[in-house]
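> Sharing a model that was predicted from the sequence below.
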Amino acid sequence: MKYTKENYQKVVDEFTPKNKKLKNFVLAYIFGGGICLLGEIIKNIYVSVLNVPSDEASVMSSVTLVALSALLTGLGVYDDLGKYGGAGTVVPITGFANSVVSPALEYKREGYILGTAANIFKLAGPVLLFGYFASFIAGILSLIF
């Protein structure tokens, strides 16, 4: 078979993965919105059932989402959700909890101190450091101006 530009293009088109952007956008929207909706439901339960003031319920619902995310990461469920929900599962609070727990689980076979404790902030550490540094700079600029 003689190779021509047309034959080559047919082969390339055949093996090139199809564009799934719209599907990915929709799934990210649904999963991210679902996580946010779950946070609001938890907050409303704290406020209406447990009579917690609204501002305290917001903090408690955030803590609950972090704990739930860490638990689901430990059980291996959060990674499966990430395969389907994509960027929607990286909603800041749950995605951050996942990024802290994942390295800890990955290195637990090396022990609790040298494995889990030493590697727990492997991924989240630079994010925290940048956040602290950026807030420090913003505070200095705010003080000056």
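Noted; the coordinates are in hand. Residues are numbered from 1 along each chain as shown.
> contacts and neighbour counts: CA atoms only from here.
Noted.
> Can you check what pLDDT the model gives the most centrally placed residue in the chain?
The centroid of the chain falls nearest to residue 95 when counting by Cα atoms, centre = their mean (1.9 Å). On the pLDDT scale, residue 95 is placed at 84.
> Looks like it contacts residue 87 (just checking).
No: between residue 95 and residue 87 there is no contact under Cα atoms under 8 Å: 9.3 Å.
> Quick check: closest non-adjacent residue to the residue nearest to the centre of the chain.
residue 89 (6.2 Å; Cα to Cα, 6 or more residues apart in numbering).
> lowest-confidence helix or strand of this structure?
Within the chain, confidence by mean pLDDT, DSSP states H and E is lowest for helix 118-119 among all helices and strands, at a mean of 72.
> centre of the chain versus that helix, how much separation?
19 Å (Cα atoms, centre = their mean, to the nearest Å).
> Now do that helix: which elements does it pack against?
Judged by 3 or more Cα pairs under 8 Å, 6 or more residues apart in numbering; DSSP states H and E, helix 118-119 is in contact with no other helix or strand.
> Which SSE is immediately downstream of that helix?
Using DSSP states H and E, the next helix or strand after helix 118-119 towards the C-terminus is helix 124-144.
> I figured the residue nearest to residue 95 hits residue 79, correct?
No: using Cα under 8 Å, residue 89 makes no contact with residue 79, being 9.1 Å away.
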